[in-house]
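S.K.: predicted model, plus sequence, below.
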Amino acid sequence: MPGALDGIRVLEVTQIIAGPMCGVMLSDMGADVIKIESAAGDGMRLLGQIAPSESKGFHVFNRGKRGMVLNLQDADGQAVVQRLISEMDVFLINARPGVPERLGIDYESLRAHKPDLIYLENTAYGPTGPSAHRAGADIIAQAYSGLMAGDEKVDEHGGPDLITATTPADFVAAFTSTIAVCAALFHRERTGEGQKIDTSLLAGAMVLQNAFASRMPVSDAVLLDPILSGLAAVRERGGSYEEMLGARGGLRALVGGAFLLYYGGYQTSDGAIMLGCVTPANRQQVRNALGLETGDDPTDGGDFNPLAEGSAEVVAGVRALITERFAADTTENWVAKLDAAGAPAAQVNMPEEMVDDPQVQALGIMVDLEHRLTGPETMVGPPFSMSASPLAAQGASPPLDGDTDDVLVEYGYTTEEIAALRSSGAVGLPDSS
């Protein structure tokens, strides 16, 4: 069965993560995605490269695409885009602000050749406002949006530390871009209208912390105002970044230490386990699994006041008891006991080991591909499934300049025209002979 976007053609001028990942997901849904690179290639090709211009990062964020090299600084290279775009449905770009206009591949220029084009531009700060012109990256969006401070990590020098497990702003921007493209295609199906879509790393990072960034006067007087006044006091006296984090309090200030007894992690005898309890029933399930008696945990009773003097010591005592219990047995045994009790809990796995996880395998999350240059590889595949229009990884990532001639032929270029474009340097890699 064809994918939901079967027949949709996408031209992509993207790099690193946010833009390329959007292209991957569109490809998974059946779209034909053609990635345009300069002769130097997407910068991700060079990060940890395992062969010339090939890296695991590039393969991950560009699987399922065809690739061609165009010199967009050259008028003939720009003319190729203008000729191709007339037969495309979607154009993706995540260049620095002003670059699309300088290259003649901005929305207004391209829609002149394809009036119903869906044009998506992803930038760091969005298209308007005092910071719209600024360059950015995921780490910049983490910092500017408050997401980095919200993570509460501090480096060895006392300064802010980035979120290292992933690039959260990039990925949210990629997911929102994909949703927006699909919505715009649906709108075009009904109305015949194309449109321009703007997404940003900043907006993506804000979505991830909406509960902290939002305002609600009925509760802010109790929860937010003390935080803001505390931050102001630290800044006024020139306090450190760590002191600012302390004044803010984060999730602990919002929900309280007693809640985090059952919404957090503990070491076991051979690893670690994480609890995710948000209801009194869940917390009781954990206590049952741990064998805690009535009275061992006074923090979940109706008489416990987390704001009362001495409450922190009570919480610390319960945490010490729970810590001791978990440390006395293995992760596997604790997971079995917690599952039997119905409590939300999981072992803490290492990402490098997840390819062999039985649940991951049962869901078919991983896919086996064959790269033209580097051979077999197993990649994370589509993140969801559809019964009537199934998703599938369309193949491995393209080698640099791997499909240039094939794409040009497909869109009507003759052998002589391609040779002339290559000779002028408008397309393809420079001749190394």
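M.R.: Perfect, thanks for sending it. Numbers count the residues shown, from 1 in each chain.
S.K.: domain map for the chain?
M.R.: Using automatic domain parsing, the domain ranges for the chain come out as 9-208+355-424, 215-252, 262-348.
S.K.: go through these and find the least confident stretch.
M.R.: Ranked by mean pLDDT, the domains of the chain end with domain 215-252 in last place, scoring a mean of 85.
S.K.: what comes up buried for it?
M.R.: Using 16 or more other C-beta atoms under 10 Å as the test for burial, domain 215-252 gives 224, 227, 230-231, 234, 241, 243, 245, 247-248. Yep, even glycine has a C-beta here, placed from its N, CA and C like the rest.
S.K.: please identify the most buried of the domains of the chain.
M.R.: domain 9-208+355-424 (a mean of 18; mean count of other C-beta atoms under 10 Å).
S.K.: give me the distance from it to the chain's centre.
M.R.: Relative to its parent chain, domain 9-208+355-424 has a centroid offset of 12 Å by C-alpha atoms, centre = their mean, to the nearest Å.
S.K.: need the distance between the two termini of it.
M.R.: Distance across domain 9-208+355-424, first residue to last, is 27 Å (C-alpha to C-alpha, to the nearest Å).
S.K.: please name the nearest non-neighbouring residue to Asn305.
M.R.: Among residues not flanking Asn305 along the chain, Ser311 sits closest, at 6.3 Å (C-beta to C-beta, 6 or more residues apart in numbering).
S.K.: let me know whether the one you found touches Asp303 as I believe.
M.R.: No. Using C-beta atoms under 8 Å, Ser311 is not in contact with Asp303; the gap is 11.3 Å.
S.K.: what is in contact with those two at once?
M.R.: Residues touching both Ser311 and Asp303 by C-beta atoms under 8 Å, 6 or more residues apart in numbering: none at all.
S.K.: circling back to that earlier point, may I ask which two of the buried residues of domain 215-252 are separated the most?
M.R.: With C-beta to C-beta as the measure, no two of those lie farther apart than Leu224 and Tyr241, at 20.2 Å.
S.K.: can you give me the strands in this protein?
M.R.: Using DSSP state E, the strands of the chain run over 9-13, 32-37, 49-51, 54-55, 66-69, 90-93, 118-123, 195-200, 265-267, 272-275, 345-347, 366-371, 375-380.
S.K.: could you export these as JSON lines, including distance to Pro390?
M.R.: Shown next, in JSON lines, are these (distance: least, C-beta to C-beta, whole Å):
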{"stretch": "strand 9-13", "distance to Pro390": "19"}
{"stretch": "strand 32-37", "distance to Pro390": "17"}
{"stretch": "strand 49-51", "distance to Pro390": "31"}
{"stretch": "strand 54-55", "distance to Pro390": "29"}
{"stretch": "strand 66-69", "distance to Pro390": "21"}
{"stretch": "strand 90-93", "distance to Pro390": "21"}
{"stretch": "strand 118-123", "distance to Pro390": "23"}
{"stretch": "strand 195-200", "distance to Pro390": "26"}
{"stretch": "strand 265-267", "distance to Pro390": "36"}
{"stretch": "strand 272-275", "distance to Pro390": "32"}
{"stretch": "strand 345-347", "distance to Pro390": "28"}
{"stretch": "strand 366-371", "distance to Pro390": "12"}
{"stretch": "strand 375-380", "distance to Pro390": "17"}
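S.K.: among these, which is nearest Gly428?
M.R.: strand 66-69 (5.3 Å).
S.K.: against which helices or strands is that closest one packed?
M.R.: strand 32-37, helix 404-410 (3 or more C-beta pairs under 8 Å, 6 or more residues apart in numbering; DSSP states H and E).
S.K.: now the first one and strand 9-13, what's the angle there?
M.R.: Here strand 32-37 runs at an angle of 20 degrees relative to strand 9-13 (axes from the mean of the first three to the mean of the last three C-alpha atoms, to 10 degrees).
S.K.: would TSV of the domains of the chain with distance to Asp431 be doable?
M.R.: What follows is the domains of the chain, written out as TSV (distance: least, C-beta to C-beta, whole Å):
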stretch	distance to Asp431
domain 9-208+355-424	8
domain 215-252	53
domain 262-348	52
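S.K.: middle-most residue in the chain, spatially?
M.R.: Phe171 (1.5 Å; C-alpha atoms, centre = their mean).
S.K.: any idea how far it lies from Asp42?
M.R.: Relative to Asp42, Phe171 is positioned 17 Å away (C-beta to C-beta, to the nearest Å).
S.K.: could you do Ile36 as well?
M.R.: In terms of C-beta to C-beta, Ile36 sits 10 Å off from Asp42.
S.K.: ditto for Pro226
M.R.: For Pro226, the distance to Asp42 equals 47 Å [C-beta to C-beta].
S.K.: try Thr14
M.R.: 8 Å.
S.K.: shared neighbours of those two, anything?
M.R.: Taking C-beta under 8 Å, 6+ apart as the contact rule, Thr14 and Asp42 both touch 20, 35.
S.K.: any idea which helix is longest in the chain?
M.R.: helix 168-191 (DSSP state H).
S.K.: and for stretch 15-24, what's in contact with it?
M.R.: 10, 12-14, 33, 35, 42-44, 61-65, 92-95, 120, 122, 137-138, 167, 169-171, 173-174, 177-178, 181, 199, 201, 204.
S.K.: please disregard the earlier target; I meant stretch 131-146.
M.R.: Contacts with stretch 131-146, where a contact means C-beta under 8 Å, 6+ apart, come from 16-18, 96-98, 123-126, 147-148, 151, 160, 162-163, 167-170, 200-202, 204-206, 209, 212-213.
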